[in-house]
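Student: below: sequence and its predicted model.
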Amino acid sequence: MRLFLDSFWRAFAYCLMPRVMLLSLLPLAMLLVLSVSWGYFYWSPTQDWVRDMLASWQVLQGMLDWLQDKGAGELQAVVIPLVVIFAITPILVVISLLAVSLMMTPALVDLVVQRRFAQAVYGSHPYGFDVTPDTLARIAVTDMATWWQRHVRACDARVSLVGAVDRAQADAIVTQLLAGIQRAQCEKLPAVPEVAALPGATDQRVPMATAQAHVMLGQPGHRRDDPDFFSLRVGNYVLGGGGFVSRLTTEVREKRGLTYGVYSYFSPGMHAGAFTVGLQTRSDQADQALALARDVVAGFVANGPTDAELAAAKDNLVNGFVLRIDTNRKLLDNVANIAWYSLPADYLQTWTQQVQAVTVADVRRAFQRVLQPGAMASVVVGGAGS
């Protein structure tokens, strides 16, 4: 029961988040704006139109005349506004819902492409699992309690603290924090399998009546503890992680005008996270944009960056390093990253030196080892599909 109540209050607290509340109230806000605007500009003309329409109907006009003879003529002043309100309200509601649905379409399309891409890249690996109504329905309170007892354990915890505390204070905080998850036993959990390499190229098309098609291309990438992490990090900045100065942006956006934005990134974890290329384009240009993105990735894997591209990437990453640790929150994220992935204790101190040490040959070798351009998965959501 305690777990149930805890889940309820977490869900309730989520509903009180500003973004969730804003999105939930958006249709009502639009309805209010439309109602006020219509009332300000068209209230009197609409009443006049309704009054003229009622006057043209002999039966209704006869009833109004009868009411006036009986001394209830003032009801006409009430009936006409009520008719206007009851007639216009459904129209304003439908307009509001249509407008909200149009604004939500890009987010829904993005959700579909993200889910399909994860399934295509990860297959049956847990990284590809997704929450659905069916999976939630199969979870009982006893399942949650069992999972909590088995997986949430002080012996597996790695606690990171940043702030004005000494070692004694930190120890006291951690002891108090972990007191509720001490376990009598701490047996080793079953190992999670590695992400399997894709056997070959795949291409999924999901037709949706949208002006823009969402395109994703990629494959399993590398683990966080990969020895070529910095070579892959610097190389991806050149390929698609550097925004307007990346090669994908130059080829797909600047030279061909196929998209407003295109990107690539690695998402390494305890196991190989996805390497992802993403873009949005007109539905009728999706095939052209996808083929060009494939060619750019293949060319980069084969040849690597130029000396000028590599130098620019390293300068940007090194000069921007201070912005990665300029707040306690960012510093905590980096310290937690070191603890979780068992990185060297001097990881932050040597970060810029590791970036500066990367060569063109390092990037080319690392990308050729990790990526297989001819065996990537692609997903296109939007347009006619097939």
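Tutor: Received, thanks. Quick caveat: nothing in here was measured; it's all calculated off a predicted structure.
Student: for Ala55, give me the pLDDT.
Tutor: Looking at Ala55, its pLDDT stands at 67.
Student: same thing with Leu23?
Tutor: pLDDT, Leu23: 67.
Student: cool, Ala72 as well?
Tutor: For Ala72, the pLDDT comes out at 57.
Student: with Leu34 instead?
Tutor: So, for Leu34, pLDDT stands at 79.
Student: apart from its chain neighbours, what residue comes closest to it?
Tutor: Leu92 (4.9 Å; CB to CB, 6 or more residues apart in numbering). Where C-beta positions appear, they are placed from N, C-alpha and C, glycine not excepted.
Student: next secondary structure after the host helix or strand of the one you found?
Tutor: Here Leu92 sits within helix 75-122, counting by DSSP states H and E. Following helix 75-122 in sequence order, the next helix or strand is helix 133-137 (DSSP H and E).
Student: now that following helix: average pLDDT?
Tutor: Mean pLDDT, helix 133-137: 85.
Student: please begin residue numbering at 31 from this point
Tutor: Okay, residue one is now 31; in that scheme the one you just asked about reads as helix 163-167.
Student: send me it as CSV with only the CA atoms.
Tutor: Only the C-alpha atoms of helix 163-167 are listed here, as CSV (Å, rounded to 0.1, in the frame of the first residue of the first chain):
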residue,chain,number,x,y,z
PRO,A,163,-0.2,0.4,-21.6
ASP,A,164,0.2,-3.4,-21.9
THR,A,165,3.6,-3.4,-20.1
LEU,A,166,2.3,-1.2,-17.4
ALA,A,167,-0.8,-3.3,-16.9
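Student: what lies in contact with that helix?
Tutor: Contacts with helix 163-167, where a contact means CB atoms under 8 Å, 6 or more residues apart in numbering, come from Phe159.
Student: and the closest residue in space to Trp381 that isn't next to it in sequence, what does it touch?
Tutor: Spatially, and ignoring its direct neighbours in sequence, Trp381 is nearest to Phe351 (6.1 Å; CB to CB, 6+ apart). Contacts here follow CB under 8 Å, 6+ apart; on that basis Phe351 touches Trp381, Thr382, Val385.
Student: poorly predicted segments of the stretch 31-180 of the chain, please.
Tutor: Counting by pLDDT under 70, the stretch 31-180 of the chain contains low-confidence residues at 31-47, 49-50, 53-54, 84-85, 87-107, 130-135.
Student: could you chop this protein up by domain?
Tutor: Per automatic domain parsing, the structural domains of the chain span 32-152, 167-211, 232-411.
Student: comparing the ones you listed, which comes out most buried?
Tutor: The highest mean neighbour count among these, using mean count of other CB atoms under 10 Å, belongs to domain 232-411: a mean of 18.
Student: measure how far it is from the centre of its chain, please.
Tutor: 17 Å (CA atoms, centre = their mean, to the nearest Å).
Student: quick one: contacts for the closest residue in space to Leu401 that isn't next to it in sequence?
Tutor: Using CB to CB, 6+ apart and skipping the chain neighbours, the partner closest in space to Leu401 is Val331 (5.2 Å). Val331 makes contact with Arg394, Phe397, Gln398, Leu401, Pro403 under the criterion CB under 8 Å, 6+ apart.
Student: just the pLDDT at Val331, thanks.
Tutor: Looking at Val331, its pLDDT reads 98.
Student: sec struct for it, please.
Tutor: With DSSP: H, G, I helix; E, B strand; the rest coil as the basis, Val331 sits in helix.
Student: mind checking how far it is from Ala405?
Tutor: 12 Å (CB to CB, to the nearest Å).
Student: quick one, phi/psi of Met246?
Tutor: With angles defined as degrees, to the nearest 10, Met246 sits at phi -130, psi 140.
Student: try the one 3 residues further on
Tutor: The phi and psi values for Gln249, taken as degrees, to the nearest 10, are phi -170, psi 170.
Student: and the nearest residue to it once chain neighbours are set aside, how far from Ser297?
Tutor: Distance criterion CB to CB, 6+ apart; nearest residue to Gln249, sequence neighbours excluded, is Met406 at 4.7 Å. Here Met406 is placed at a distance of 15 Å from Ser297 (CB to CB).
Student: could you pull out the strands for the stretch 281-416 of the chain?
Tutor: Here the stretch 281-416 of the chain has its strands, by DSSP state E, counting those that start in this stretch, at 292-296, 304-312, 407-411.
Student: tell me which of these sits nearest to Tyr267.
Tutor: Of all the strands of the stretch 281-416 of the chain, it is strand 292-296 that lies closest to Tyr267, at 9.5 Å by CB to CB.
Student: who are the contact partners of the nearest residue to Pro223 once chain neighbours are set aside?
Tutor: In space, and not counting its chain neighbours, Pro223 is closest to His155: 6.8 Å by CB to CB, 6+ apart. Contact analysis of His155 by CB under 8 Å, 6+ apart lists Pro223, Val225, Ala226, His301.
Student: redo the residues you listed as JSON lines? Include distance to Arg283 and pLDDT.
Tutor: Listed next are the contacts of His155 as JSON lines, based on distance: CB to CB, whole Å; pLDDT from 0 to 100:
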{"residue": "Pro223", "distance to Arg283": "38", "pLDDT": "93"}
{"residue": "Val225", "distance to Arg283": "30", "pLDDT": "96"}
{"residue": "Ala226", "distance to Arg283": "33", "pLDDT": "95"}
{"residue": "His301", "distance to Arg283": "32", "pLDDT": "96"}
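Student: now list the buried members of those.
Tutor: Neighbour-count burial (16 or more other CB atoms under 10 Å) applied to the contacts of His155 gives Val225, His301.
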